[in-house]
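# Take a look and give me a structure for this.
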Amino acid sequence: MLNSGADWQVIRADGFAELDTRYVLETDKGQIIFVQNAGMRHAGPEVMRKLLAGEIVDPNLVYFRTVPTFETSAPDLQWLTRSMFVGTGERYPTDVVIRFWRLE
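Got it, this is the predicted structure:
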């Protein structure tokens, strides 16, 4: 990921988070992909307390799902703009990992 992007979160009193993230990826070939990723994250109260405090928690205890859309001008990546995806996320103290799957 390039050093660009932003995210907005609405975190409710019970810890439920509505997510809106936007960032840019660069492929090994130098192609640029803009990603807009909407999602949600929630878990039990104790798990959310630890997560929001920056502690390490088991990702299997957190429901973290996204629905990304992709934009790119790269001709061979247009399939990204013409497909639906879902993602799963894992939040760690210093980073976030999101894995995407294309729906058939």
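# now stretch 59-72, how far from the chain's geometric center?
4 Å (Cα atoms, centre = their mean, to the nearest Å).
# ok, now how distant is the residue sitting furthest away from the middle of the chain from residue 82?
Taking Cα atoms, centre = their mean, the residue of the chain most remote from its mean C-alpha position is residue 75, at 24.4 Å. When distance is defined by Cβ to Cβ, to the nearest Å, residue 75 is 12 Å away from residue 82. Any C-beta I mention is one placed from the backbone N, CA and C, and that applies to glycine too.
# same question, residue 17
29 Å.
# between these two, who's got more neighbours?
residue 17 (19 against 7; other Cβ atoms under 10 Å).
# I'd say that one and residue 40 touch.
Yes - Residue 17 is within contact range of residue 40, at 6.6 Å (criterion: Cβ atoms under 8 Å).
# Based on its surroundings, how many neighbours for the residue nearest to residue 61 when sequence neighbours are not counted?
Excluding the flanking residues, the one nearest residue 61 by Cβ to Cβ, 6 or more residues apart in numbering is residue 47, at 4.8 Å. The number of residues packed near residue 47 is 16, by other Cβ under 10 Å.
# going forward, begin numbering at 3 instead of 1
Okay, using 3 as the starting number, the last item reads as residue 49.
# Which helix or strand lies directly C-terminal to the helix or strand containing residue 49?
Assessed by DSSP states H and E, residue 49 sits inside helix 47-54. Where DSSP H and E defines the elements, the next helix or strand beyond helix 47-54 is strand 65-73.
# In terms of secondary structure, what does that next one contact?
strand 34-44, helix 80-83, strand 87-93, strand 98-104 (3 or more Cβ pairs under 8 Å, 6 or more residues apart in numbering; DSSP states H and E).
# go again using 10 Å as the cut-off
strand 19-28, strand 34-44, helix 80-83, strand 87-93, strand 98-104 (3 or more Cβ pairs under 10 Å, 6 or more residues apart in numbering; DSSP states H and E).
# Would you convert those into a markdown table that also reports distance to residue 67 and mean pLDDT?
Formatted as a markdown table, the helices and strands packed on strand 65-73 follow (distance: least, Cβ to Cβ, whole Å; pLDDT from 0 to 100):
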| stretch | distance to residue 67 | mean pLDDT |
| --- | --- | --- |
| strand 19-28 | 9 | 95 |
| strand 34-44 | 6 | 96 |
| helix 80-83 | 19 | 97 |
| strand 87-93 | 6 | 96 |
| strand 98-104 | 10 | 96 |
